[in-house]
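Novice: what's the 3D shape of this:
(one chain, ligands or ions: 1)
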Amino acid sequence: MPKKITVLGSINMDLVTKTDTIPKVGETVKGTSFFINPGGKGANQAIAAAKLGADISLIGCVGDDEFGNQLLSHLAAEGVSTDYIKKVSNVSTGIASITLSASDNSIIIVSGANDYITPKLVEEYENIIAQSDILLLQLEVPLLAVEKAVELAKKHEVLVILNPAPIQPLSENLLKSVDFLIPNEHEQKELFKYGNSSMIAKKCITTRGSKGVSFYQNDKEVHIPSLKVDVLDTTGAGDSFNGAFAVALSEGKDTKEACHFANIVGALTVTNLGAQTGMPTRKVIQTFCKERGIPFV
Ligand code: RIB
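Specialist: Residues are numbered from 1 along each chain as shown. Predicted coordinates:
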């Protein structure tokens, strides 16, 4: 039986504008295209895991609106259990306004219903956390709720993975409680300000974009290089890495094997437009590995 993974996190609709030119203050420019697709770090991580066949539940909130309905149907269709997603009345579903340009992407988030994930709501879902093997979290929902979920996970001896994005000050107690931290380079530097850096470094799997992934094992840095692919959209790459890492751990892989697997999943994700569209199934990964002569883990 597959192990159970629970994600607690944000659910957004991504409103994406592609442009050749980023407007300066007071300037209007013409974009080249616009599309709407599902996103949010929590939902992205849950979908990444679901596409890999995981038994996955998502704890979160959507608004009582059209985006909320669409996102709930989409999550269910992709195989994510939506039993622990609350619909909040008179609040909009979270959105991310994303600008994609040749150089990079920039994102404005309106949290909406995501802000309604309270410690009290998390307590209501203690059972589902207790029944999980892994709890995966990010920081796009209120920190107090994240702290409560980690506390409950520890109470029930559930392994905790925290993707500290977007980065914000965290208590040393929270950092001590999690088993793995998966920051990007910028987030990792910030993390060191919030607690004992040697303790933090030992828990970090640091994603470095085109420079690959690194982590410490027996006090030595292990580095996994990135895979060369045609990059169309980097949105959601970190999320798919996190989802895949959790799935690999749940299947008994060690940290290095899990990083190798998640690195492939992250690479495939950026070859499509949209956070979730490019997230691969096992079949896609298998074909990619065969073509590249990469061992399939
Ligand atoms: O990590 C990418 C995600 O960040 C996007 O899908 C967007 O919704 C924002 O939450």
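Novice: Tell me how many other residues crowd whichever residue of the stretch 151-297 of the chain sits closest to the ligand.
Specialist: As assessed by Cβ to the nearest ligand atom, the ligand sits closest to Ala275 within the stretch 151-297 of the chain, at 3.8 Å. C-beta coordinates here come from the backbone N, C-alpha and C atoms, glycine included. Neighbour count for Ala275, taken as other Cβ atoms under 10 Å: 30.
Novice: swap in the one 10 residues further on?
Specialist: Counted by other Cβ under 10 Å, the residues lying close to Ile285 total 21.
Novice: Give the full set of residues in contact with the residue of the stretch 151-297 of the chain closest to the ligand.
Specialist: 14, 37-39, 44, 233, 235-236, 239, 269 (Cβ atoms under 8 Å, 6 or more residues apart in numbering).
Novice: what does Ile134 give?
Specialist: Applying Cβ under 8 Å, 6+ apart, the residues near Ile134 are 3-6, 158-161, 246, 249-250.
Novice: Quick one, which of those has the minimum pLDDT?
Specialist: In this model, the minimum pLDDT among these belongs to Lys3 (90).
Novice: That one reaches Lys253, doesn't it?
Specialist: No - if you go by Cβ atoms under 8 Å, Lys3 and Lys253 don't touch, sitting 11.7 Å apart.
Novice: what about Asp230, distance to Leu273?
Specialist: 12 Å (Cβ to Cβ, to the nearest Å).
Novice: so where does Ile56 fall, helix or strand?
Specialist: According to DSSP states H and E, Ile56 maps onto strand 55-63.
Novice: tell me what the following helix or strand past that strand is packed against?
Specialist: Following strand 55-63 in sequence order, the next helix or strand is helix 66-77 (DSSP H and E). The contact analysis (3 or more Cβ pairs under 8 Å, 6 or more residues apart in numbering; DSSP states H and E) places helix 66-77 against strand 12-18, strand 33-39, helix 41-51, strand 55-63, strand 85-88.
Novice: which parts of helix 66-77 are buried?
Specialist: 67-68, 71-72, 74-75 (16 or more other Cβ atoms under 10 Å).
Novice: quick one: contacts of that helix?
Specialist: 11, 13, 38, 40, 43, 46-47, 58, 62, 82, 85, 87, 92-93, 95, 113.
Novice: where does this protein come near the ligand, residue by residue?
Specialist: Taking Cβ under 6 Å from any ligand atom as the contact definition, the chain meets the ligand at 10, 12, 14, 39-41, 44, 96, 107, 109, 140, 235-236, 238-239, 275.
Novice: circling back: which stretch of helix or strand covers the residue of the stretch 151-297 of the chain closest to the ligand?
Specialist: Counting by DSSP H and E, Ala275 is part of no helix or strand.
Novice: Could you report the neighbour count for the closest residue to it other than its chain neighbours?
Specialist: Among residues not flanking Ala275 along the chain, Gly236 sits closest, at 2.9 Å (Cβ to Cβ, 6 or more residues apart in numbering). Using other Cβ under 10 Å, Gly236 has 30 other residues around it.
Novice: Next: Leu162.
Specialist: Using other Cβ under 10 Å: Leu162 sits among 26 other residues.
Novice: Give the closest residue to it in space, chain neighbours not counted.
Specialist: Here the residue nearest Leu162, using Cβ to Cβ, 6+ apart, is Val178, at 4.5 Å.
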